[in-house]
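Trainee: Structure for this input, please:
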Amino acid sequence: AVGRLLRDQLERRPGVRAIMTRTSDTFIPKHRRQEIARQYSAALFVSLHVNSAPTQARGAEVFFLSIAGSEDKAAKELVDRENAADLVGGVAPDQVSAPLVDILMDMTRNQTMKDSEKLAAVLLEHLGRVENSAVRGVKQGPLAVLKSIDKPSVLVELGFITNRDDRSLLVKAQRLYASHLADGIVSYLD
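Mentor: Below is the predicted model of the structure:
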């Protein structure tokens, strides 16, 4: 729902066109999401998610690509869950096209990662403007959905569905989340 609202918010902004990788609750393999971004010559890539945890973790966090891996235990668990989604969706990891080595040869890795980190910081700052929200920070992880993108790319965790306060906000403040994310995206693009 937040993704559709974000698309609508962005489409109202001059010079901005939003492309969704999916518009229904269907599985799209991570490599296909990357192909869609390239097909439309995307200026940036934002993947929206809702987190979960066995603890009472709370707050939004934004990830950008790390080649080396993640030091943060919670971030590593998120990376493992996200990267396993292709396997659950029926795509074995060795079947995914565009290996990381080829991608790194084709993109200016350092600049793209710096731009992704900047985008992550801008979006997290805007998410923190949602009243009663919490933010956990910008983090790095070797998330498969970000690996083959040659544009600034981030994975946004809006909050924890397993946390009562986050869950309540995710239900009541969807338009605010979308509006603040749109403001952050436009701010980054300017």
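Trainee: Sketch out the low-pLDDT regions of the chain for me.
Mentor: 67-109, 148-149 (pLDDT under 70).
Trainee: And the helices in it?
Mentor: 2-11, 30-39, 73-88, 100-106, 109-127, 144-147, 164-172, 174-189 (DSSP state H).
Trainee: Neighbours of Thr112, how many?
Mentor: For Thr112, the count of nearby residues is 20 (other Cβ atoms under 10 Å). In this view, the C-beta of every residue, glycine as well, is placed from N, C-alpha and C.
Trainee: Does it touch Asp150 like I think?
Mentor: Yes - assessed by Cβ atoms under 8 Å, Thr112 is found in contact with Asp150 at 6.5 Å.
Trainee: picking that back up, deepest of the helices of the chain, which one?
Mentor: Mean neighbour counts were taken over the helices of the chain using mean count of other Cβ atoms under 10 Å, and the top value, a mean of 24, falls to helix 144-147.
Trainee: Now Leu65. Nearest residue, chain neighbours left out?
Mentor: With Cβ to Cβ, 6 or more residues apart in numbering as the criterion, Leu65 has its nearest non-adjacent residue at 4.4 Å, and that residue is Leu146.
Trainee: And that neighbour, how far from Gly15?
Mentor: 25 Å (Cβ to Cβ, to the nearest Å).
Trainee: Which strand residues bridge the residue positioned nearest the centre of the chain?
Mentor: The C-alpha lying nearest the average C-alpha coordinate of the chain belongs to Leu155 (Cα atoms, centre = their mean; 1.8 Å). With DSSP bridges as the criterion, Leu155 is bridged to Ser47, Phe63.
Trainee: contacting residues for it?
Mentor: Ser47, His49, Val62, Phe63, Phe64, Glu82, Gly141, Leu143, Val145, Leu146 (Cβ atoms under 8 Å, 6 or more residues apart in numbering).
Trainee: hang on, the earlier thing: which one of the helices of the chain lies nearest to Gln56?
Mentor: helix 164-172 (8.4 Å; Cβ to Cβ).
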